[in-house]
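Novice: When you get a sec, could you give me coordinates for this:
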Amino acid sequence: MVGQGKLREGEGLHLSKVAAERLLLINIVDDFREEIAASLREFGYDVHAVGSLADALPKLAAEPMYSVAMIVAWEKGARLRGAYDELVDGIRAIRQVSADTQVVMTIDASVDVSVCCEAINNGLAGFVEIDESGRIDNDVLRKRLDHACQRHRRSVEHNKKLHSGEIYESTGIVGCSRAMASLLQQASRAAEISDAPVLTYGESGTGKQLLAEMIHRLDPKRSSRAFLAVNCAAITGTLAESALFGHVKGAFTGATEPRDGYFRAADGGTVFLDEIGEMSLELQPKLLRFLQEGVVMPVGSDREYAVDVRVIAASNRRIPALVEEERFRLDLYQRLNVIALEIPPLRERREDIPLLVDFFIKKYAMHYDKPVARVGHRVHQLLSGCALEGNVRELENLIRRAMAFKTEGDELTLRDLPSAFLERHVQSLKSTNEVLTRETLENACNMIAAGRMTLPEFVDRCERVVLEQSIENGGENQADLSRMLGLSTRTLYNKRRKYRL
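Specialist: Have a look, this model is predicted:
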């Protein structure tokens, strides 16, 4: 036990297995900071102590990686110095400065559950409860710190895979943009919280089900069990209730055999509720009760069944807007919105398009047994510049159709794309080669200010257009092209490789 911030002798945490882990102790209670730090060092942690969140941030930014930041916010007679909402802001700031560092925080019994949920949503790895006398259960502390260190190691490994591109191969999600990198990081962290519902937003064709499948595969508790997808817009009335919760024989006309329903069939696994905003108001209370109690009652039955299922819901419409229109229950929205993820549309991550095109080319070249090995740069230019309202799904369908009808050659060219598509987007091809205008720069500034693009991403787009135009104008000779552009031959080679030119 820990008494007023000090570990008792003989009650070690046995942390030798994490001897190399660095721990930043943020003890805003001055009286016991060094005593706690000294005690934790005895058990193998490389501990550094600071007295405030303001002091912690520059230390996290300047020094080597800390595995855990432990916030101790309790003192005798006051319980807590500072409001919990300020500490939640501090957790968010820590994760922004050092994304891999896991945060553990002490709480007292009076803290509201909503504060705990908000802290978890902002990156908290775990709580350690302090009782009224200022004591901490050693076993709980050991488990929380050990769990946080494991999460840190997984996060570091995940980021290595993300940087190398391995995570895209392992998940089936293709991309290289900052927006997708951030989304995959959030999704992988969400996967670790096996019992928390997830609500995903995204336009049609952005890959909401693919993201849900990724979360299921990375879930350490549920990955070996079933993943079932349900389109809420396709089922209505008694059929919808039966599909989700099952029915007994004779429950309604046509119910000649009993049915378990999706939730019981996926027990231990994950159910993906697509287009959750289209669920009828009559069915929503039953889903809410399942999320609250973890039980289902089949149609026509008087018996409840306990079911352990994670729910991942998706919508292409904002649920709060549906709540205002009284088409969706507020309490159900609050239950589903524990972890929220948003998939950016393809127009906000155009740098992913060349990778997606190459991925689909390889996929359908194999599917149709075609010899196509590369994509013409004008195809990349057109697809990267035009607006694809159907997002990744539309892009895949374009490539699939082109590959299905291609009869000769090992390069995909503009001639292989559907004529109707070319007619609609021929202006896009022309506009990508235009000199930067004031309107272009203003649009770029607006996108950067809104966080939809960074300056390096904008510069990359401009650089690619210049390189493509230079090559198209006869600059295939590396030496001549490098002299014209003022680049070394090696730098030019690397840039052509970067942009797949």
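Novice: Could you grab the helix/strand/coil label for V47?
Specialist: Following DSSP: H, G, I helix; E, B strand; the rest coil, V47 is assigned to strand.
Novice: distance of it from S39?
Specialist: 9 Å (Cβ to Cβ, to the nearest Å). For every residue, glycine as well, the C-beta is placed using N, CA and C.
Novice: Over to L211?
Specialist: Counting by Cβ to Cβ, the gap from L211 to S39 is 43 Å.
Novice: Which one's more surrounded, these two?
Specialist: L211 (25 against 21; other Cβ atoms under 10 Å).
Novice: residues of stretch 178-188 that come out buried?
Specialist: By neighbour count on 16 or more other Cβ atoms under 10 Å, the buried set for stretch 178-188 is 178-181, 183-188.
Novice: distance between that stretch and the chain's centre?
Specialist: With Cα atoms, centre = their mean, to the nearest Å as the basis, stretch 178-188 stands 4 Å off its chain's centre.
Novice: Kindly report the same for stretch 214-221.
Specialist: Counting by Cα atoms, centre = their mean, stretch 214-221 comes out at 12 Å from the chain centroid.
Novice: quick one, strands of the stretch 201-350 of the chain?
Specialist: 227-231, 270-274, 295-296, 305-306, 310-315, 339-342 (DSSP state E, counting those that start in this stretch).
Novice: Just put these in a markdown table and tack on mean pLDDT and mean neighbour count.
Specialist: Converted to a markdown table, these look like this (pLDDT from 0 to 100; neighbours: other Cβ atoms under 10 Å):
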| stretch | mean pLDDT | mean neighbour count |
| --- | --- | --- |
| strand 227-231 | 94 | 18 |
| strand 270-274 | 96 | 24 |
| strand 295-296 | 92 | 19 |
| strand 305-306 | 92 | 14 |
| strand 310-315 | 96 | 25 |
| strand 339-342 | 93 | 17 |
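Novice: any chance of these in a markdown table, with distance to V128 too?
Specialist: Output for those, formatted as a markdown table (distance: least, Cβ to Cβ, whole Å):
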| stretch | distance to V128 |
| --- | --- |
| strand 227-231 | 34 |
| strand 270-274 | 29 |
| strand 295-296 | 31 |
| strand 305-306 | 30 |
| strand 310-315 | 25 |
| strand 339-342 | 22 |
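Novice: right, so of those, which gets closest to I120?
Specialist: Of all those, it is strand 339-342 that lies closest to I120, at 8.5 Å by Cβ to Cβ.
Novice: Sheet-wise, list the partners of that closest one with their directions.
Specialist: strand 198-201 (parallel) (DSSP bridges).
Novice: what residues does the partner strand touch?
Specialist: Contacts with strand 198-201, where a contact means Cβ atoms under 8 Å, 6 or more residues apart in numbering, come from 190, 208, 211-212, 215, 276, 310-316, 318-319, 336-343.
Novice: which ones are touching S488?
Specialist: By Cβ under 8 Å, 6+ apart, the contact list for S488 reads S482.
Novice: List the buried residues of stretch 127-143.
Specialist: Those would be 127-130, 134, 136, 138, 141-142, for stretch 127-143 by 16+ other Cβ under 10 Å.
Novice: For that stretch, C-alpha coordinates in CSV please.
Specialist: Extracted in CSV, the C-alpha atoms of stretch 127-143 (Å, rounded to 0.1, in the frame of the first residue of the first chain):
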residue,chain,number,x,y,z
PHE,A,127,-6.5,5.1,-13.3
VAL,A,128,-5.1,4.4,-9.9
GLU,A,129,-7.6,5.1,-7.1
ILE,A,130,-6.5,6.7,-3.9
ASP,A,131,-8.7,6.3,-0.8
GLU,A,132,-9.6,8.9,1.7
SER,A,133,-6.5,8.3,3.8
GLY,A,134,-4.2,8.6,0.8
ARG,A,135,-3.5,5.0,0.1
ILE,A,136,-3.0,3.1,-3.1
ASP,A,137,-3.4,-0.6,-3.6
ASN,A,138,0.0,-2.0,-4.7
ASP,A,139,-1.4,-4.6,-7.0
VAL,A,140,-3.6,-2.1,-8.8
LEU,A,141,-0.6,0.2,-9.2
ARG,A,142,1.6,-2.6,-10.5
LYS,A,143,-1.0,-3.7,-13.0
